[in-house]
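K.L.:
Here's a sequence, model it:
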Amino acid sequence: MTMAISRSIALFTVAGIAMTLRAQAEDAPDAATKVVDGVDITKWVCKFCTFEEGFSFDPELGVGYVSDDSAKFGEYTGLDQQGTYLVANGDARYRHTDGVWLDLSAVDLGLDSRYFGVEGGKQGQYELHFNYKELPHFISDTARTPFLGAGSQLLTLPAGWIPGATTDTMNALDASLRDVNFETKRKLLDLGGTLESVQHWAFAINVRHEDKSGMRGTGGSFVFNDARLPMPVDYTTDQFDASAAYTAARFQARIAYYGSIFKNDDHALVWSNPYIPLGLGGTQGQLGLAPDSQFHQLVISAGYRASDMMQLTAQLAAGRMTQDDSFLSYTINPALATQPLPRNSLDGLVDTLSWNFKLNATPADKVRLNLTASYDDRNNHTPQSVYDWVTTDSGLAAPRTNLPYSFNHGLLSADVSWAFDPMLHLYGGCSLDEIRRDLQEVGRTQEGSCWGKGVLDLRGNADVSLRYTHAERTVSDYLPNPDGTPPQNALMRLYNMADRDRDELLLRIDVMKFAKFTFGFDGDVTWDKYYNTAIGLLDGRSWSAAADCAWTLSEKFSANCYFSHGQIVSSQANAEMLAPSPLWFGDSTDTTDSAGAGLKYTAGEKFDFGVDYTYSRSKGEILMQGATAGFPDLKSELNSAKLYVNFTPKKKLSLRLTYWYESYRSNDWALDNVAPNTISNVLAFGEQSPNYDINVISLAARYQF
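P.N.:
Reported below is the predicted structural model:
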């Protein structure tokens, strides 16, 4: 037995050396055959031991076709329009024995969702990167509007427009409607690098520039009359990151700066009034758009390994947010007499301060302890002033004072893990979470929670994990209207500032007993009870179950599957503004189901194919009690199938054929059958719920240079 073991060790040792050195006999075919313990190892070659050196380039070019137009189908992919598109991808790599490297990557250059990136450097010394990305968001392609100038800051009505008291009396509406597509596009440039060549030190810097342009929908009102408006989007965001990190044997520290500057080239949206003006209402309205703003933050963090049994980490961050865009005038309606603005801009100023401290320790064998303390303070220094209150450019109400909200948030938590047995691990912990606010409905919320978890390892056949959490949130006295305006029902409670009990149960099962088949199951149940709420959210319940599997049928065939079902149920009560008790109740139930399966076949190095299928559906039900009318159900259903075939006729040439079919159906009562003039006091876009059947096919070739 001992001799057999010794010979085996010798065999594997020699074999390892042979693979690492690539068997010199391959370069010298006349050399004597090398035999170890009766095994010829002459042609044993380690394919993964060879250092990749030089330049390689793998371009992929082809053509694809989309069968129909659909903003929903191409929402983020760029496949929103019928017709052909260019398939253009590629990768390039360079490696040198001195550690210099370069990677280039191009993805979807023929689509609006294109990406190009370059990374390079020298291992252990420095790294540089440059990335360019475009991210489209196609929102709607079924909207119509009578307004001219869509996408600009000024919306006018066509010549000959006749204002109406209601939408159905706007006689020129039908002839004036024109299609408008809502979409935005983000263009991102990212440039940065790291330097690690200085002993114990590493430095990093990154600059990111983003332009977001396009158009989306918003709304503007005149008293009780509303019009849906195409709103321009023209945003610019610049972000800066710089850091220096120090690393020693037991100590690590880092100091970093982060900055963000946001600019909006459009400061106001002005639109013509399509209705007959009411009272002192004017012929135009004005809506302020997102103001310019800045945020700057300095972060210091450190970690210290006091011993093999204890590690400490801490972080301190201080930041400042500012917003000093010039105010718009109160109104553009000359019939409304207002006082001068108390200042030219908001002079918005918010200071932030946060810190956290963590202790990780192993006080005993098989026991691990984690302690965490964190604090987050938002101190709003924006000055308070009294402002005239203009209602929809149509009238004046009592002046109001702005409320510069501030808060501080503290959290303490502790958890412990115990390897009770090789088959059983136990976990548990508690936390105390407190938020203090000013100028809001509740001055303090405090939530305590505790949890326990057990993980059972059935000797490699299965793993079972069960976790239970109980949390209780209590609040201080509730003030429905902190500034006294407008009046609100004293019984109302906001759900995030209301007394609440929460219980949650999580279950996970993984079965690995069978060599070629694995199975997993997830279960989650949550109960919420708002026990001191009379008007508002009363309770919430949710549960979900999901299963997944993987099956290796053979060396060539593999398959996978999944299924999930989830339901969220909530109940709420409401009343007229000052009514002493609820007048109606509403129960909402959201149900989602999804399932999918996939199959992959590999026939050597020249051919493989795969197919994936996905199905999902959702349903939203709203049941009313005590109200005059309810709501129809919200529904959606998706079927999606993808097929790919890869063929490699030559060593460096591969062909890829893909086919994608997707069908989507949806019903939304807020959109369906709502024409621009269906609602008497709302000039709508007339959008419809998205429904489509799309086929996408592409053929591309990739060649390795």
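K.L.:
Okay, and Y659 sits in which element?
P.N.:
Assigned by DSSP states H and E, Y659 belongs to strand 653-667.
K.L.:
err, D483, not the other one
P.N.:
Per DSSP H and E, there is no helix or strand for D483.
K.L.:
tell me the contacts of it?
P.N.:
By C-beta atoms under 8 Å, 6 or more residues apart in numbering, the contact list for D483 reads R400, T401, L403, L439. C-beta here means a position set from N, CA and C on the backbone, and glycine is covered the same way.
K.L.:
mind running it again at 10 Å?
P.N.:
By C-beta atoms under 10 Å, 6 or more residues apart in numbering, D483 lies in contact with R400, T401, N402, L403, L439.
K.L.:
could you check the distance from the most centrally placed residue in the chain over to H137?
P.N.:
The residue lying closest to the centre of the chain (C-alpha atoms, centre = their mean) is Y76, at 12.8 Å. Using C-beta to C-beta, to the nearest Å, Y76 is found at 6 Å from H137.
K.L.:
ok, now R320?
P.N.:
Where H137 is concerned, R320 sits at a distance of 31 Å (C-beta to C-beta).
K.L.:
circling back: any residues in contact with both of Y76 and H137?
P.N.:
D112.
K.L.:
Check which element follows the helix or strand containing I435 along the chain.
P.N.:
Element membership of I435 [criterion: DSSP H and E] is strand 424-438. Note on strand 424-438: by DSSP H and E, the next helix or strand toward the C-terminus is strand 444-457.
K.L.:
What sits closest to A597 if chain neighbours are left out?
P.N.:
Leaving aside its chain neighbours, A597 sits nearest to C561 (4.5 Å; criterion: C-beta to C-beta, 6 or more residues apart in numbering).
K.L.:
Tell me the helices and strands packed up against whichever strand or helix holds the one you found.
P.N.:
For C561, the host element (DSSP H and E) is strand 557-574. Packing contacts for strand 557-574, counted by 3 or more C-beta pairs under 10 Å, 6 or more residues apart in numbering; DSSP states H and E, involve strand 517-529, strand 536-551, strand 584-603, strand 607-625.
K.L.:
need those strands in CSV with mean pLDDT and distance to T142, can you?
P.N.:
Formatted as CSV, the helices and strands packed on strand 557-574 follow (pLDDT from 0 to 100; distance: least, C-beta to C-beta, whole Å):
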stretch, mean pLDDT, distance to T142
strand 517-529, 97, 37
strand 536-551, 97, 33
strand 584-603, 95, 24
strand 607-625, 95, 20
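K.L.:
Need those strands in a markdown table (columns: distance to Q123 and mean neighbour count).
P.N.:
Converted to a markdown table, those look like this (distance: least, C-beta to C-beta, whole Å; neighbours: other C-beta atoms under 10 Å):
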| stretch | distance to Q123 | mean neighbour count |
| --- | --- | --- |
| strand 517-529 | 37 | 16 |
| strand 536-551 | 36 | 16 |
| strand 584-603 | 33 | 15 |
| strand 607-625 | 33 | 15 |
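K.L.:
Next, format those as a markdown table and append distance to K122.
P.N.:
Formatted as a markdown table, the helices and strands packed on strand 557-574 follow (distance: least, C-beta to C-beta, whole Å):
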| stretch | distance to K122 |
| --- | --- |
| strand 517-529 | 42 |
| strand 536-551 | 40 |
| strand 584-603 | 37 |
| strand 607-625 | 37 |
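K.L.:
among the ones you listed, which is nearest Q567?
P.N.:
Closest of the helices and strands packed on strand 557-574 to Q567 is strand 584-603, at 4.9 Å (criterion: C-beta to C-beta).
K.L.:
Against which helices or strands is the closest one packed?
P.N.:
By 3+ C-beta pairs under 10 Å, 6+ apart, strand 584-603 packs against strand 536-551, strand 557-574, strand 607-625, strand 634-647.
K.L.:
and if we set it to 7 Å?
P.N.:
strand 557-574, strand 607-625 (3 or more C-beta pairs under 7 Å, 6 or more residues apart in numbering; DSSP states H and E).
K.L.:
What strands flank the last one, and is each parallel or antiparallel?
P.N.:
Counting by DSSP bridges, the strands paired with strand 607-625 are strand 584-603 (antiparallel), strand 634-647 (antiparallel).
K.L.:
For the helix or strand hosting Q311, C-alpha coordinates in CSV please.
P.N.:
Per DSSP H and E: Q311 is located in strand 310-323. Taking C-alpha atoms only, strand 310-323 is exported to CSV below (Å, rounded to 0.1, in the frame of the first residue of the first chain):
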residue,chain,number,x,y,z
MET,A,310,-10.8,41.1,17.0
GLN,A,311,-11.2,43.6,14.2
LEU,A,312,-12.4,47.2,14.4
THR,A,313,-13.6,49.5,11.5
ALA,A,314,-14.9,53.1,11.6
GLN,A,315,-16.0,55.7,9.1
LEU,A,316,-16.7,59.4,9.3
ALA,A,317,-18.4,61.4,6.5
ALA,A,318,-19.2,65.1,6.3
GLY,A,319,-21.0,66.6,3.4
ARG,A,320,-22.8,69.8,2.2
MET,A,321,-25.7,70.2,-0.2
THR,A,322,-26.5,73.6,-1.8
GLN,A,323,-29.2,75.0,-4.0
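K.L.:
Name the residues that touch the helix or strand just after it?
P.N.:
Next in sequence after strand 310-323, counting helices and strands by DSSP H and E, comes strand 348-364. If you take C-beta atoms under 7 Å, 6 or more residues apart in numbering as the criterion, strand 348-364 is touched by 309-324, 368-382.
K.L.:
one step back: surely the residue nearest to A597 meets A546?
P.N.:
No. In this structure C561 lies outside contact range of A546 using C-beta atoms under 7 Å: 11.4 Å.
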